[in-house]
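*Asks:* model this:
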Amino acid sequence: MRKVAAVIAGTLLAAGLTTPARAAPSRAEIALRWAPIHYQDVDTTGGHALGGKSDHITRYDFDGNLNGRDNWDNTGKNTDAAAYYSVLETSTHYYLTYFFFHPRDWIDHPFFETEHENDGEGILEIVEKDGSEYGSLKAAVTVAHADFFSYKPAGSTWADGTETIDGTLRFKPSPHDAFQHPVTAQERGGHGFKAWPQYDINGDGIVYYPSLTVSEAPANADDRDVRYQLIDIFTPGGMWAERDNTSLFAALGTFAGDTSGGCGSGTYRCNADSANAPWGWDDGNDQVNRGEIATDPAKLAATYFSSTGTLSRTYTHNPYSAAAAALKAAQSLPTTVD
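*Replies:* Here you go, the predicted model:
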């Protein structure tokens, strides 16, 4: 029987009838694999909360136009959930950036906190190409206003570099796929972004799950199963393509926003032009320049962490590189506190 099996196997091989090798996952599939399960705390109180809708993630063009200066006014008209991603590559790592947008950064009191139109926070994930299908997630850095926070999963050998690791990145299963995903969270109002449970849902809240095709609106302020659609930052006509649109952006990496529509009413102040795209994210007091968390994440990885093993700094895929001169010039812009 062994000889027969060997003959059959040899015949199938010669005829090209063996099971074909699985194609390597696409960048979109890599992004979905590591996209976070996302906990969004929701506050329904106060006029600026709009019954909780001001804390719902959505698209930057949720209102059907590319005018950043009417998003405060139109908040809540469309709460279909989405997040934006980019995948950069070197020979040794994937660098995955996820950007979460809210039309408002808001408060409900008059004491020394500001609010503003548009709000963009998120996370960089660093995935080692270890020979497995999707690689191994080694570390992450989140954006909370004008501060970055670094994390690593249990079992990662990566260690402190110039910055101290702030905590452990945890994982949970999604009911919509077969993967364990990292878990992140955002606070209500200001939407600072950290690894869960450093932020968490306190009362009402939404649990968002990633999808490449499905975009759902929360049924209410306490919906614990909402899918958000992943959208490529570099898609034709998308966020990066619109970077010089002065109706959407006030400067390279800074969303345009004004003080109309009641922003600042009953509060300390409303700031204009105070939200960042990933290429505008800036910690302000680290050794990484404005925007490099997204545009040169290998530099951030080599700076923030040690004991990383082989870490190539040469990109095999980096669409930002075509605009290197403009991005470098924008590094001198003042830090925008999102």
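*Asks:* Can you tell me how far residue 172 is from residue 180?
*Replies:* Distance of residue 172 to residue 180, given as CB to CB, to the nearest Å: 7 Å. In this view, the C-beta of every residue, glycine as well, is placed from N, C-alpha and C.
*Asks:* quick one, strands of the stretch 151-300 of the chain?
*Replies:* Secondary structure of the stretch 151-300 of the chain, counting by DSSP state E, counting those that start in this stretch: strands at 159-160, 167-169, 171-173, 180-186, 193-195, 205-211, 226-232, 249-251, 254-255, 269-271, 275-276.
*Asks:* Relative to residue 140, which of the ones you listed is closest?
*Replies:* Minimum separation from residue 140 across these (CB to CB) falls at strand 167-169, 5.3 Å.
*Asks:* Packing partners of the closest one?
*Replies:* The elements that strand 167-169 packs onto, with contact taken as 3 or more CB pairs under 8 Å, 6 or more residues apart in numbering; DSSP states H and E, are strand 136-144, strand 147-153, strand 193-195.
*Asks:* Give the buried residues for the longest one.
*Replies:* When neighbours are counted by 16 or more other CB atoms under 10 Å, the buried residues of strand 136-144 are found to be 137, 138, 139, 140, 141, 142, 143, 144.
*Asks:* list the buried ones in stretch 79-92?
*Replies:* Buried residues in stretch 79-92 (16+ other CB under 10 Å): 79-90, 92.
*Asks:* residues contacting the nearest residue to residue 22 once chain neighbours are set aside?
*Replies:* In space, and not counting its chain neighbours, residue 22 is closest to residue 133: 7.7 Å by CB to CB, 6 or more residues apart in numbering. Residues near residue 133 by CB atoms under 8 Å, 6 or more residues apart in numbering: 22, 24, 25.
*Asks:* what bits of the chain have low per-residue confidence?
*Replies:* Residue ranges of the chain with pLDDT under 70: 1-20.
*Asks:* Grab the most central residue of it for me.
*Replies:* Compute the mean C-alpha point of the chain, and by CA atoms, centre = their mean the closest residue is residue 98, 1.8 Å away.
*Asks:* For it, list each beta-bridge partner.
*Replies:* Beta-bridge partners for residue 98, by DSSP bridges, are residue 85, residue 123.
*Asks:* before we move on, what about the one 4 residues further on?
*Replies:* Beta-bridge partners for residue 102, by DSSP bridges, are residue 119.
*Asks:* Is it in contact with residue 59, as I believe?
*Replies:* No - with contacts counted by CB atoms under 8 Å, residue 102 stays clear of residue 59, the gap being 10.7 Å.
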